[in-house]
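Asker: Sequence and predicted structure, then a few things I'm wondering about:
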Amino acid sequence: MKKQELNELSMTDIDAKLHDNLEDLQNLRFQKALQQIENPIRISHLKKEIAQLKTVKKEFDLGLRGGKNED
């Protein structure tokens with residue numbers, strides 16, 4: 001996910017995207033354990049995106065980002 005796309009997300013969108021990514025990461029870890037994973041690099045990309053989403057969410061909580069908070 002690009003930085004510009006992250007800036008355009010609202011808090012509810014961030015929560016939904018974070019939840020989806022965490023589920024995807026769990027599924028990929030199961031696939032890796034069963035030797036069924038096709039693209040192992042996707043795990044590192046998902047982890048990076050999760051970290052970016054958590055950072056943006058924390059910025060909303062601290063009040064560093066404002067205006068798009070729908071909660």
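Answerer: Sure thing, it's come through.
Asker: just for the chain, where's the confidence low?
Answerer: Filtered on pLDDT under 70, the chain yields the residue ranges 67-71.
Asker: Skipping adjacent residues, who's closest to the residue nearest the centre of it in space?
Answerer: Compute the mean C-alpha point of the chain, and by C-alpha atoms, centre = their mean the closest residue is residue 50, 3.2 Å away. Nearest residue to residue 50 in three dimensions, chain neighbours excluded: residue 21, at 5.1 Å (C-beta to C-beta, 6 or more residues apart in numbering). For the C-beta atoms, the positions are set from N, CA and C on the backbone; glycine is no exception.
Asker: Starting from the helix or strand where that neighbour lies, tell me the next helix or strand along the chain.
Answerer: Taking DSSP states H and E as the definition, residue 21 sits inside helix 11-33. Using DSSP H and E, the helix or strand that follows helix 11-33 in sequence is helix 41-62.
Asker: May I ask you to confirm that the residue nearest to residue 50 is in contact with residue 53?
Answerer: Yes: counting by C-beta atoms under 8 Å, residue 21 touches residue 53, with 6.9 Å between them.
Asker: neighbour-wise, which of those two wins?
Answerer: More crowded of residue 21 and residue 53, by other C-beta atoms under 10 Å: residue 53, with 22 against 19.
Asker: Any idea how many residues pack against the residue nearest to that one when sequence neighbours are not counted?
Answerer: Leaving out its chain neighbours, the residue that sits closest to residue 53 by C-beta to C-beta, 6+ apart is residue 18, at 4.6 Å. Using other C-beta under 10 Å, the number of residues around residue 18 comes to 17.
Asker: cool, residue 44 as well?
Answerer: Neighbour tally, residue 44, other C-beta under 10 Å: 9.
Asker: repeat for residue 31
Answerer: Using other C-beta under 10 Å, residue 31 has 16 other residues around it.
Asker: Surely it is in contact with residue 42?
Answerer: No: contact criterion C-beta under 8 Å: residue 31 and residue 42 do not qualify, at 9.7 Å.
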